[in-house]
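Engineer: Here is my input, please return the structure:
(2 chains)
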Amino acid sequence: MADERKVIVSVKNLKQYFNIGKPNEVKAVDDVSFDIYKGETFGLVGESGSGKSTTGRSIIRLYNPTDGHIYFNGQDISKIKSHGPKMKEFRREMQMIFQDPYASLNPRMKVKDIIAEGLDVHGLVKNDDERDKRVRELLDMVNLNPEHMTRYPYEFSGGQRQRIGIARALAVDPQFIIADEPISALDVSIQAQVVNLMQDIQKKQGLTYLFIAHDLSMVKYISDRIAVMYRGKIVELASADEIYKNPLHPYTQSLLSAIPVPDPEIEVKRTRIDFDHKRPFEDDQRLQEVMPGHFLYCNDEKAASFK
Amino acid sequence: MEKILEVKDLHVDFDTYNGVVHAIRGVSFHLNAGETLAIVGESGSGKSITVRSILQLLAKNGTISKGEILYHGDDLLQKSTKEMDDIRGNKISMIFQDPMTSLDPTMTIGKQVAEPLLIHNNVSKKDALKRAEEVLRLVGIPNPSARMNDYPHQFSGGQRQRIVIAIAIVDYPEILIADEPTTALDVTVQAQIIDLLKELQQKIGTSIIFITHDLGVVAGIADRVAVMYAGRFVEYGSVNDIFYNPQHPYTWGLLDSMPTLDTNEGSRLHSIPGTPPNLLNPPEGDAFAPRNAYAMEIDEEEQPPFFKVSKNHYAATWLLHPNAPKVTPPEGIMKRFAKYERLGGNVK
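Structural biologist: Prediction:
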């Protein structure tokens, strides 16, 4: 956990709606607030359609937020113009690692050009020699052979491609990385390689991660704090241990009860907790701190019961 | 127990641009009546090819170059196309991985579920549709009579997978092959589908071959488990044998690279270094040797045979040879051994 608890990203009442005003309006992210501290890994979990990826994409401004504010190092970035100089400056500090290592690398570009694109855009290298040197460093950092920098993506395996994606994100020396399901498309034995790599780099460079995933056991392992999303809202937020040991929201309980465990004895005894999806939210509920550091989406009466 | 299916020394090759890929390199196993056999392995290990060979659903460039597939003692590889048509979807049926692409988007679900009956049995359309409705109810589609005329896009991912299962079981097959049936689904839906498969197995007595890469799912559903790597089985045994008394270093690696909910933060995950071999030129010795911290010289030279660990539990690793040095498995595996002994097993 971060020592001095400095907030790096602060999301306040973020709303991201699509098809506004039409019959198929979707409230993908509906009034979400949370802080991410410098140096921590913040896990965002939820099932497909919960709005976790949309939240990540709104923070890095791939969308224009419908309402609310996003503060990055104290500066409101929710309204800055898409193609202005401010956006360029901000994107250097915040990078993204995408889920699909096959779709997120341009098949017609050499690895060195994929990795160096950010360097070129931001004018961070003076000449080709410097550029190649930096690409070599980055490939070395993600444990790929620097000699392979002139190859194309198809020559690499899924795990290797994800390393290229990580090297690309690191190229511009960002402070904050959003990793959107970075290991979901990889095999079990390769997942561990990538997670270990991400942790090593975090330690070395003092990075902050927003780690978006649906694999709850991996999220628990990598995250300091975890927020659980359901239908566009955060229903619970607490430290990783607290979420697993003391889940308070019925949805969190249901989600945890469904995780398969690689141990037959535990599996035989497992009982699933069902969650009633019919009326998940009431008007008088909001996300509030019910115990130190433990936030729950509930009404005031319920919150008072924990005091 | 009756063996309803027996695969003997299966070899499958694929003709590709770059040459012949030896995808399956001598796989043998059997399936007992009423049990669930799980085949686990990474992508490219050949688990899907193995089961697709049973139904002869290989891509055009794939050939079964050797082996026998005995169904009640009859070799399926000797059957004519027409005879195979009678078996597919009737006696042996398959649930595919992706519920988004394995349904016909232009056909109502009632018709899709009834289709196998109309093809295989001499039933009237009315009876087939009636049966389809029953099966849809059985797999948990709410209000099936009203939804028979709906199209796939009107259902959620979990419901679509239930419909795919309904199609597979509508003719009460003897063998159900499920190829990663829950991989595309969320965990809560996955848990529901697994419960459904277990329940159906009890009700209609089907034997299941379940393919997955998720060891958590295996622990919950399998009676027996086979671990596959680079086109071969490397270890097989009962679910307790594989989870509490694993012997092959690859099985160790798989079990150890998954964080469990009580894995300490701060500790590193155990990863298996490297990547699987290219099966264009399969290695001479043990295919896992280059990634194996416990590899010995002989692993580079000669493919290890299966060594018997206990009744019904076999592993193909030279570590089990009487002359092999004693090694200490990773810590996480030692914990599993301790559990095995507590359950009354004898760790080698």
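
Engineer: from chain A, which residue is nearest to chain B?
Structural biologist: A:Pro260 (2.9 Å; CB to the nearest CB). Just so you know, the C-beta spots here come from the backbone N, C-alpha and C atoms, and that holds for glycine as well.

Engineer: Tell me who's in contact with that residue.
Structural biologist: A:Glu267, B:Val187, B:Gln190, B:Ala191, B:Ile194, B:Asp214, B:Gly216, B:Val217, B:Ala219, B:Gly220 (CB atoms under 8 Å, 6 or more residues apart in numbering or on different chains).

Engineer: so which helix or strand takes in the residue positioned nearest the centre of chain B?
Structural biologist: Closest residue to the average C-alpha location of chain B: B:Ile211 at 2.2 Å, with CA atoms, centre = their mean. Per DSSP states H and E, B:Ile211 falls inside strand B:207-212.

Engineer: Mind checking the pLDDT average for stretch A:194-214?
Structural biologist: Mean pLDDT, computed over stretch A:194-214, is 93.

Engineer: Now do the buried residues in that stretch.
Structural biologist: A:194-199, A:201-202, A:207-214 (16 or more other CB atoms under 10 Å in any protein chain shown).

Engineer: show me where the stretch 51-200 of chain A has helices.
Structural biologist: With DSSP state H, counting those that start in this stretch, the ranges of helices along the stretch 51-200 of chain A come out as A:52-59, A:85-93, A:111-121, A:128-141, A:158-170, A:188-205.

Engineer: that older thread, ok, the contacts of A:Pro260 vs A:Leu62, which is closest?
Structural biologist: Using CB to CB, B:Val187 comes nearest to A:Leu62 of the contacts of A:Pro260, at 26.4 Å.

Engineer: nearest to B:Ala230, of the helices of the stretch 51-200 of chain A?
Structural biologist: Closest to B:Ala230 of these is helix A:188-205 (CB to CB; 12.6 Å).

Engineer: helices or strands next to the closest one in the packing?
Structural biologist: Contacts defined by 3 or more CB pairs under 8 Å, 6 or more residues apart in numbering or on different chains; DSSP states H and E place helix A:188-205 against helix A:158-170, helix A:216-222, helix B:249-257.

Engineer: Would you single out the least confident of the ones you listed?
Structural biologist: For the helices and strands packed on helix A:188-205, where the average pLDDT is lowest is helix A:216-222, sitting at a mean of 88.

Engineer: how about low-confidence regions in the stretch 151-300 of chain B?
Structural biologist: Applying pLDDT under 70 to the stretch 151-300 of chain B flags residues B:261-266.

Engineer: which parts of it sit against chain A?
Structural biologist: Residues of the stretch 151-300 of chain B lying near chain A by CB under 8 Å from any CB of the partner chain: B:157, B:186-192, B:194-195, B:213-220, B:239-240, B:243-244, B:253-255, B:257-261, B:263, B:265, B:268-273, B:275.

Engineer: Look at the one residue in the stretch 101-250 of chain B that gets nearest to chain A and tell me its secondary structure.
Structural biologist: Proximity of the stretch 101-250 of chain B to chain A (CB to the nearest CB) peaks at B:Gly216, 2.9 Å away. At B:Gly216 the chain is in helix, as set by DSSP: H, G, I helix; E, B strand; the rest coil.

Engineer: sec struct for the closest residue to it other than its chain neighbours, please.
Structural biologist: What sits nearest to B:Gly216 in space, not counting adjacent residues and going by CB to CB, 6 or more residues apart in numbering or on different chains, is A:Pro260, at 2.9 Å. What three-state DSSP gives for A:Pro260 is coil.

Engineer: and the gap between A:Phe34 and A:Ile77?
Structural biologist: 15 Å (CB to CB, to the nearest Å).

Engineer: Pick out whichever of those two has more residues nearby.
Structural biologist: When A:Phe34 and A:Ile77 are compared for neighbours, A:Ile77 comes out ahead with 22 against 19, by other CB atoms under 10 Å in any protein chain shown.

Engineer: on that earlier part again, out of the helices of the stretch 51-200 of chain A, which gets nearest to B:Asn122?
Structural biologist: Across the helices of the stretch 51-200 of chain A, B:Asn122 has its closest neighbour in helix A:188-205 (46.8 Å, CB to CB).

Engineer: and stretch A:251-271, which residues are buried?
Structural biologist: Neighbour-count burial for stretch A:251-271 [16+ other CB under 10 Å]: A:251-252, A:254-265, A:267, A:270.

Engineer: now the strands for the stretch 101-250 of chain B?
Structural biologist: Secondary structure of the stretch 101-250 of chain B by DSSP state E, counting those that start in this stretch: the strands cover B:175-179, B:207-212, B:224-229, B:232-238.

Engineer: got a list of what B:Pro152 touches?
Structural biologist: B:Leu103, B:Asp104, B:Pro105, B:Ile109, B:Arg160, B:Ile163.

Engineer: same thing but 6 Å
Structural biologist: Going by CB atoms under 6 Å, 6 or more residues apart in numbering or on different chains, B:Pro152 touches B:Leu103, B:Pro105, B:Arg160.

Engineer: same question, A:Ser53
Structural biologist: A:Ser53 touches A:Asp180, counting by CB under 6 Å, 6+ apart.

Engineer: per-residue pLDDT, it?
Structural biologist: 93.

Engineer: A:Ser33 too?
Structural biologist: The model reports A:Ser33 with a pLDDT of 97.

Engineer: right, and it touches A:Ser10 too?
Structural biologist: No - if you go by CB atoms under 6 Å, A:Ser33 and A:Ser10 don't touch, sitting 8.3 Å apart.

Engineer: mind checking how far the closest residue to A:Asn13 other than its chain neighbours is from A:Val29?
Structural biologist: In space, and not counting its chain neighbours, A:Asn13 is closest to A:Gly68: 4.1 Å by CB to CB, 6+ apart. Distance of A:Gly68 to A:Val29, given as CB to CB: 9 Å.

Engineer: Now the closest residue in space to A:Gln202 that isn't next to it in sequence: phi and psi?
Structural biologist: Nearest in space to A:Gln202, with sequence neighbours left out and distances taken as CB to CB, 6+ apart, is A:Tyr209 at 6.4 Å. When quoted as degrees, to the nearest 10, the phi and psi of A:Tyr209 stand at phi -120, psi 140.

Engineer: Contacts only, for A:Tyr209.
Structural biologist: Shown in contact with A:Tyr209 (CB under 6 Å, 6+ apart): A:Thr41, A:Ile177, A:Ala179.

Engineer: Turn those residues into JSON lines, columns for neighbour count, pLDDT and distance to B:Lys326.
Structural biologist: Output for those, formatted as JSON lines (neighbours: other CB atoms under 10 Å in any protein chain shown; pLDDT from 0 to 100; distance: CB to CB, whole Å):
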{"residue": "A:Thr41", "neighbour count": "26", "pLDDT": "97", "distance to B:Lys326": "39"}
{"residue": "A:Ile177", "neighbour count": "24", "pLDDT": "97", "distance to B:Lys326": "44"}
{"residue": "A:Ala179", "neighbour count": "28", "pLDDT": "96", "distance to B:Lys326": "41"}
